[in-house]
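Colleague: Structure, please.
(one chain, ligands or ions: 1)
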Amino acid sequence: MLHIENLKKVYGKNVILNGISLDIQDGEIVSVLGPSGSGKTTLLNCILGITKIDGGHLIYNNEDITNVAMEQRGFNIVFQDYALFPNLNAYQNIIYGLKNKPELSNEEEVQELIELLGLKEHLNKSIDQLSGGQKQRVALARTLVMKPKILLLDEPLSALDGVIKESIKNKIKTIAREFHLTTIIVTHDPEEALTLSDRVLIMKDGNISQYAKPQEILHQPACVFVKDFILNQLEIKRNNIYALYQNAYAS
Ligand SMILES: Nc1ncnc2c1ncn2[C@@H]1O[C@H](COP(=O)(O)OP(=O)(O)OP(=O)(O)O)[C@@H](O)[C@H]1O
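Modeller: Down below sits the predicted model:
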């Protein structure tokens with residue numbers, strides 16, 4: 001379990017995380033949802049260890065990791081822009097991290113991931129020959145071969161559309177379940193958060209507005225902000241689709 005206690009982060013005079021406390025159970029998928037600037041990425045980076053915190057504690061499986069360096073934490077992140085190496089092909093990108101730690105995944109496990117993510121026919125392609133969805137899957141595979149204790153994803157679906165988005169969403173779910181992998185996903189899309197995760201953390205101005213299961217958020221929004229920001233967006237989407245159907249039948 002990851003236990004976050006009263007986590008604080010400031011930049012100059014700006015309070016970015018204002019004492020965040022929450023627990024994430026092993027194998028749980030948690031989405032972090034909130035408007036731009038609410039502190040989502042900062043929270044992810046504090047958990048990863050790339051950003052130093054200014055107060056509070058991070059406890060992982062009863063060990064205080066607040067001052068443990070990023071490399072020793074064993075968490076891993078897929079960045080928003082994938083950060084793939086353009087001079088290496090897809091396969092070389094996937095196995096890159098294993099050069100220094102070959103004990104983490106054997107060839108069979110690497111092939112299993114490649115199969116699971118549907119990357120077999122793309123392995124020899126250079127990065128600029130891959131679509132957005134394929135790049136995203138390569139980035140995921142590259143991170144997963146390192147067997148992270150916690151998988152962190154920063155807006156993994158934002159650059160993808162329609163069918164590809166759904167397919168990657170399902171793959172993330174399958175992987176999290178199959179490997180019992182704790183997964184924390186930053187998103188600003190309520191639909192994505194509610195359909196993908198076991199629990200949703202809704203943030204506003206560095207504070208938690210609500211941390212609950214999707215059903216609870218839908219049926220018992222904790223405050224006006226959750227209701228307005230999250231549920232209204234869903235309602236607008238629903239109404240747009242409904243209107244589209246109405247028009248289609250009317251014509
Ligand atoms: N290195 C930094 N120095 C100063 N301010 C920063 C730094 N990193 C983030 N911030 C500020 O912290 C606040 C929260 O940023 P953060 O990236 O965590 O938000 P976010 O919720 O992920 O937003 P978005 O959805 O736009 O990515 C913003 O006001 C941002 O300007």
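
Colleague: ok so N87 is a helix residue?
Modeller: No - remark: N87 does not belong to a helix; assigned using DSSP: H, G, I helix; E, B strand; the rest coil, it is coil.

Colleague: Could you pull up phi and psi at it?
Modeller: Dihedral angles phi and psi of N87 (degrees, to the nearest 10) take the values phi -90, psi 0.

Colleague: average pLDDT for stretch 129-146?
Modeller: Mean pLDDT, computed over stretch 129-146, is 90.

Colleague: Buried residues in that stretch, which are they?
Modeller: Along stretch 129-146, these residues count as buried under the neighbour rule (16 or more other CB atoms under 10 Å): 130, 132-145. No exception for glycine: its C-beta is placed from N, CA and C like everyone else's.

Colleague: any idea whether the residue at minimal distance from the centre of the chain is helix, strand or coil?
Modeller: Ranked by distance to the mean C-alpha position of the chain (CA atoms, centre = their mean), the top residue is I185 at 2.0 Å. Assigned with three-state DSSP, I185 falls in the strand class.

Colleague: neighbouring contacts of the host helix or strand of K8?
Modeller: Assignment of secondary structure by DSSP states H and E places K8 within strand 2-11. If you take CB atoms under 8 Å, 6 or more residues apart in numbering as the criterion, strand 2-11 is touched by 15-24, 39, 42-43, 46-47, 51, 53-60, 150, 182, 206.

Colleague: In the protein, where is pLDDT below threshold?
Modeller: Filtered on pLDDT under 70, the chain yields the residue ranges 161, 251.

Colleague: Understood, closing this out.
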